[in-house]
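Peer 1: Here you go, sequence then predicted model.
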Amino acid sequence: MGSDFKYDVFLSYSSKDKEKVHALAQRLKQDGLRVWLDAWAIQPGDSIPLKIQQGLEQSCVLLMCMSPDYFASDWGRMEHLTLLFRDPTNAERRFIPLLIAECQPPDIIAQFARIDWRKASEETYAGLLVACRETSKPLVKKRQTDQSRLILKGHEALVWDVAITPDGQTAVSASDDKTLKVWDLATGKCRTTLEGHASGVKAVAITPDGLTAVSASLDRTLKVWDLAMGKCRATLKGHSQYVWGLAITPDGQTVVSASGDYTLKAWDLVTGKCRTTLRCHDGLVLCVAITPDGQTAISASVDKTLKVWDLATGKCRTTLEGHANAIQAVAITPDGLTAVSASDDKTLKVWDVATGNCRATLEGHSEGIWDVAITSNGRTVVSGSVDSTMRVWDLATGKCLGTLEGSPGAVSGVAISRDGLTVVSSSAKTLMMWNLPEADTLIGEVGAARYINAKVVLVGDTGVGKTGLALRLCKDRWEPTESTHGMIISLLELPADVGEKDMEREVWLWDFAGQADYRLIHQLYMDETALGVLVFNPQDGNPFDGMGHWEKALSAAARFQPEKLLVAARCDRGGVTISQRQFEEYIREHGFAGFICTGAKTGEGCQELKEAIAKNIPWKSLPWTSTTRLFKTLKDAILKLTDEKAPLVRLPELHQRLQLMLPKEAISEADLRAVVGLMQGQGVAQALAFGDFLLLSPAWMNRYASVVVRMAREHADEMGVVLEKQVLDGDLDYKDMERLSQADEKILLRAIVQTFLDRSLCIRQETPQGSMLVFPSYFRRDNPNPPEHPNIFVTYGFSGPLEDIYSTLVVRLSYSDGFECDQLWKDAADFRTPAGKRAGLAMTKKGEGKAEIVVYFDAGVPDDTKVTFIKYVHEHLLARAQPREGVTRVRTYVCPHCDEALENRIAVKKRLEKGLKDIICPLCEKRVPLLDLIEEKFASNEFLQRVREMDDKAGINLDNESLELILVGHAYAIAGEAGQIYRQYTNSDRGIDGEIEFKNDKGQASGQRLYLQLKSGDSYLKQRVRDDTEVFYIKKKRWAEYWLSQAYPVMLVIRTSDGRIRWMNVTDYLKEHGKETKQIVFQGQPFTAPDVVRKRAEILAR
């Protein structure tokens, strides 16, 4: 076993079971294990608690021998043992429950996989022996290429980027120390340092002649450098935020920069002038690459998209979507046909530049990927990751050919010499040079897999027979079924002759409930649909009535229009009530690929349907995934756990279960987290934002969310609200829905509230009754004073998921700080402007997934306020409507001479199309200007920027609410994991957000507790300049006085943006430093269950 431990196994048991346990200990010892047993380790005169503690700390595996007598013994000691071996910081320790007599373990233990030792068979002993031994090395080692041949040192801070001259002799690096350095790659010596930037330098590129470098900096500028002279020739100014990336055209005449102001700029390198500004991203632009012909640029953004730009016109040709997190880098092959992107979602994606289709996803890194480069022959890709490695990939097959290990930290930059033999990477404060062998000489990982994952959705109104049909398709059986609650996800096996030899094909069938309550939630799960199966009841008098909603829902959720099959269910129960001609007309008009009659009870048509599904999935256009053998093994093992009745599991516990399931695999925590993240991206698992929980079946999230939505929709006063406390307490009307355990249910309900806010589906509103969750889509009261002309200012037409579009618009406007939500109505919302005037919007549904939104204002609202409001609505619809091009905008004009509204919109539209600037008023016959100051402002970049700042503010405010819920959820989960009691304080202005009450050794509430003050965000901690110490500043003296006045210790809990949650006893700090102190040196420890147990021991011992 591991050399870090003195003992392999620690045996924890009840003295009443010692005969059976001592026999097992002797057998384990005879088989070579080093066993800690109290009877062997504790000598007369020893301190028993001390010896037990030492034995625990020196043991790798805790073998808990479970029996009724064991759980009747010291509860606190059992809890401490469990938590020590579940501590995620103890990566080498494992906890194995061993059932030696029938008993019911407490919840803290029950969720673990156990070994049944009641019969003590040879087979069971063999499994136990394997589980107790050190995890063996992986069967297949990663293919590793040569180690770095040279390390270049000289920078004083993180090196972000590196570029190599075309002759391969020189490298230029960009660093957070505000400098660039020019390196001789033959000697590794620094030739010169380029100084001039006022802040860190994020990126660098070199012109094709190798004479000039251009750098991008956090000081919002680019600088142009003469490499021979080491001089700055020009500074390019124009961006309003940090400049994160840049690229130079092949002719060396133009540089394109990427900035945090959401734009790219194209600069003339000769004159230093900005030629054009490219706008279309909804987030920071981090990187840009240019095709070899210099005509096209591809940008990568925090908004999770890439955009393809025509550099001649400045227009965005297409948007590439698919990554689940920010995209850090992009590279283009020498033929300009393929792009490879690198993302914080830990994957690379391969794109067809011409079509915008994703061809492949490459998995293997265990952390986010920060840079990517392609060799000059276009065959090999090298990626650099936060996991401190680089991976070498074959672009054609997606296979990982090798791993470059040895970097001192995250690999932030990667550059490849033109001859393809040398890689230079940046990591920490250094550059490293590596040999890159030819692709033909690399073998690649044995056992790596390629597969295609296709998502097929089964939709239709409630009661049409979808669930029975899904059961027949996936399990080949029939049984009476109730209506689906939420959704059911099942693996659908394909006919044997479908697929390629080296490419596995997976089909996941998503059966969505048809009830109206679920429709808002379904929209969150319909993306990435490859094929829609629309099911109807052929005995219905109007069988196609509900099809329009589902067609629009599919169209809106999918980036590319999925194929559709029309399926008549329950044909074995009666005939079809409409003619074949009507079917054919409907199929032709709505673009269905086929029509099939089925009967789940008899199996009629079901095999034909499976074959049709396999045939109509667009396999050639679906991206395939290349993954490592370990990642594929872990995915398959986790999927086997999805059918269990306890679908909510903590990551450390899942880690241990997988180690027991896969004893021959070396599973690191980083690898497991990477796999979980990838599965979440595919929709087959969901990581909660707190407590380190994984939901093995996302369908549970859908079911519980739909219960909350239904209760809001059925509110007695038609107000579309539900009390947040009612949700968190689980006090809901579940009807006949199957439920989780109470503990898991409360965790999941907290996650659902956080998800509602995160997705902008509800407003969290404080009332005298407590926090209310307000769902704008389900507010049913009619507006008694609907807007009429001339107050209506503009009318928008659009299509798509109407409830989602409307809800998110109202919610984000409410959180934008620009307008205050004053009153909701059925499909309408009134807001108050900063001056207290009314601005509002109302939606009218037009059928077939289409709607209009009118925007109206009180008299006297300033023009700037009007433009800001309508521009916000405009940009929201462009971002969310489907298709984007289908959004129409018709202004309502009012004659300034007689106040008559111009009703003839067609005439107005035609005159605007002709470029005419006015129209004659039909009443007073005077001219009414059509291109007024409002239209000029509407088209200006100033108001576009103003709206983006509003939306950013809405995002920040929603994030703050979401982060608050995450932190409270974490406290609740951690206290529960530690077996203690958490109570949240609501509507408290006293500065205490909750408490943890500790249980005594009998598992009863002790009355002893800690108070928690919860803070989320980086703004609460400041870095002290003189020593980099983290400091929490006490802004008001009464804070310290209040904390010191409490009867119990106050713990300050802070969650920072990197996800770390730490806590510190501020009561003890203030007692030592006095209530007059204005700052607390924050020395927080991780807020984990083991630390809660340690605090329990300290407090109960007083």
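Peer 2: Nice, I can see it.

Peer 1: separation between L1010 and I992?
Peer 2: Going from L1010 to I992 by CB to CB, to the nearest Å gives 10 Å. Placement of C-beta: from N, CA and C, glycine included.

Peer 1: can you check I587 too?
Peer 2: 64 Å.

Peer 1: Also W478?
Peer 2: Taken as CB to CB, the span from W478 to I992 is 57 Å.

Peer 1: can you check K999 too?
Peer 2: 21 Å.

Peer 1: got it, and I416?
Peer 2: Here the criterion is CB to CB. By it, I416 lies 56 Å from I992.

Peer 1: Tell me which of those two has more neighbours.
Peer 2: Between I416 and I992, counted using other CB atoms under 10 Å, I416 has the larger neighbour count: 23 against 17.

Peer 1: looking at it, the more buried one is touching M433, isn't it?
Peer 2: No. Taking contacts as CB atoms under 8 Å, I416 lies outside contact range of M433: 11.3 Å.

Peer 1: Which residues are in contact with each of those two?
Peer 2: Both I416 and M433 are in contact with 422-424, where contact means CB atoms under 8 Å, 6 or more residues apart in numbering.

Peer 1: ok, so of the residues you listed, who is nearest E19?
Peer 2: V423 (62.8 Å; CB to CB).

Peer 1: Assign that closest one to helix, strand or coil.
Peer 2: What DSSP: H, G, I helix; E, B strand; the rest coil gives for V423 is strand.

Peer 1: Could you list which residues are in contact with it?
Peer 2: Counting by CB under 8 Å, 6+ apart, the residues that V423 touches are 373, 382, 390, 404, 414-417, 433-436.

Peer 1: For Y778, which residues are in contact?
Peer 2: 709, 712-713, 715, 720.

Peer 1: Would you mind measuring from the closest residue in space to it that isn't next to it in sequence to A712?
Peer 2: Nearest residue to Y778, sequence neighbours excluded (CB to CB, 6 or more residues apart in numbering): G720, at 3.5 Å. Distance, G720 to A712, using CB to CB: 5 Å.

Peer 1: Could you tell me which residues touch both of those two?
Peer 2: Common neighbours of G720 and A712 (CB under 8 Å, 6+ apart) are 774-775, 778.

Peer 1: Going by neighbour count, list what's buried in stretch 244-261.
Peer 2: Buried residues in stretch 244-261, counted by 16 or more other CB atoms under 10 Å: 244-249, 252, 254-261.

Peer 1: quick one: average confidence on it?
Peer 2: The predicted model gives stretch 244-261 an average pLDDT of 96.

Peer 1: first vs last residue of it, how far apart are they?
Peer 2: 10 Å (CA to CA, to the nearest Å).

Peer 1: Then stretch 289-299?
Peer 2: Stretch 289-299 end-to-end distance (CA to CA) = 7 Å.

Peer 1: which other helices and strands contact the longest helix belonging to the chain?
Peer 2: Longest helix of the chain, by residue count under DSSP state H: helix 941-977. Here helix 941-977 touches helix 742-758, helix 802-814, helix 863-880, strand 981-984, strand 994-999, strand 1005-1016, strand 1050-1055, helix 1089-1100, going by 3 or more CB pairs under 8 Å, 6 or more residues apart in numbering; DSSP states H and E.

Peer 1: you'd agree K601 is up against G468?
Peer 2: Yes. At 7.2 Å, K601 counts as touching G468 under the criterion of CB under 8 Å.

Peer 1: Compare those two (neighbour count), which wins?
Peer 2: Higher neighbour count among K601 and G468: G468, with 21 against 16, using other CB under 10 Å.

Peer 1: What residues does K466 make contact with?
Peer 2: 458-460, 484, 511-512, 514, 535, 569.

Peer 1: And the residues you listed, which two are furthest apart?
Peer 2: F512 and A569 (14.3 Å).

Peer 1: And the contacts of Y778, which is closest to T1088?
Peer 2: After measuring those against T1088 - CB to CB - the closest member comes out as V709, at 33.9 Å.

Peer 1: Let me know the helix or strand that the closest one is in.
Peer 2: helix 699-713 (DSSP states H and E).

Peer 1: and after that helix, which helix or strand comes next?
Peer 2: Next in line after helix 699-713, if elements are assigned by DSSP H and E, sits strand 721-723.

Peer 1: Quickly find the element holding I613.
Peer 2: I613 belongs to helix 606-616, assigned by DSSP H and E.

Peer 1: Need the residues that contact that helix.
Peer 2: With CB under 8 Å, 6+ apart, helix 606-616 has contacts from 456, 469, 472-473, 492, 494-495, 498, 507, 531, 533, 563, 565, 567, 593-594, 596, 598-600.

Peer 1: could you give me the average pLDDT of it?
Peer 2: 91.

Peer 1: and after that helix, which helix or strand comes next?
Peer 2: Following helix 606-616 in sequence, per DSSP H and E, is strand 624-627.

Peer 1: Alpha carbons of the helix or strand following that next one, as PDB, please.
Peer 2: Note on strand 624-627: by DSSP H and E, the next helix or strand toward the C-terminus is helix 629-640. C-alpha atoms of helix 629-640 as PDB (Å, rounded to 0.1, in the frame of the first residue of the first chain):
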ATOM      1  CA  ARG A 629     -10.300   5.100 -22.100                       C
ATOM      2  CA  LEU A 630     -10.600   6.200 -18.400                       C
ATOM      3  CA  PHE A 631     -13.200   8.900 -19.200                       C
ATOM      4  CA  LYS A 632     -15.300   6.400 -21.100                       C
ATOM      5  CA  THR A 633     -15.000   3.800 -18.400                       C
ATOM      6  CA  LEU A 634     -16.100   6.400 -15.700                       C
ATOM      7  CA  LYS A 635     -19.000   7.600 -17.800                       C
ATOM      8  CA  ASP A 636     -20.300   4.100 -18.300                       C
ATOM      9  CA  ALA A 637     -19.900   3.300 -14.600                       C
ATOM     10  CA  ILE A 638     -21.800   6.500 -13.500                       C
ATOM     11  CA  LEU A 639     -24.600   5.800 -16.000                       C
ATOM     12  CA  LYS A 640     -25.100   2.400 -14.300                       C
END
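
Peer 1: to the chain's geometric centre, what's the distance from helix 629-640?
Peer 2: Here helix 629-640 shows a centroid-to-chain-centroid distance of 20 Å under the convention CA atoms, centre = their mean, to the nearest Å.

Peer 1: and A553, helix, strand or coil?
Peer 2: helix.

Peer 1: ditto for L473
Peer 2: helix.

Peer 1: Quick one: residues contacting it.
Peer 2: 492, 509, 606, 609-610.

Peer 1: Now these in CSV, please, with extra columns for distance to A174 and neighbour count.
Peer 2: Formatted as CSV, those follow (distance: CB to CB, whole Å; neighbours: other CB atoms under 10 Å):
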residue, distance to A174, neighbour count
L492, 50, 18
L509, 49, 21
C606, 60, 19
L609, 57, 20
K610, 55, 20
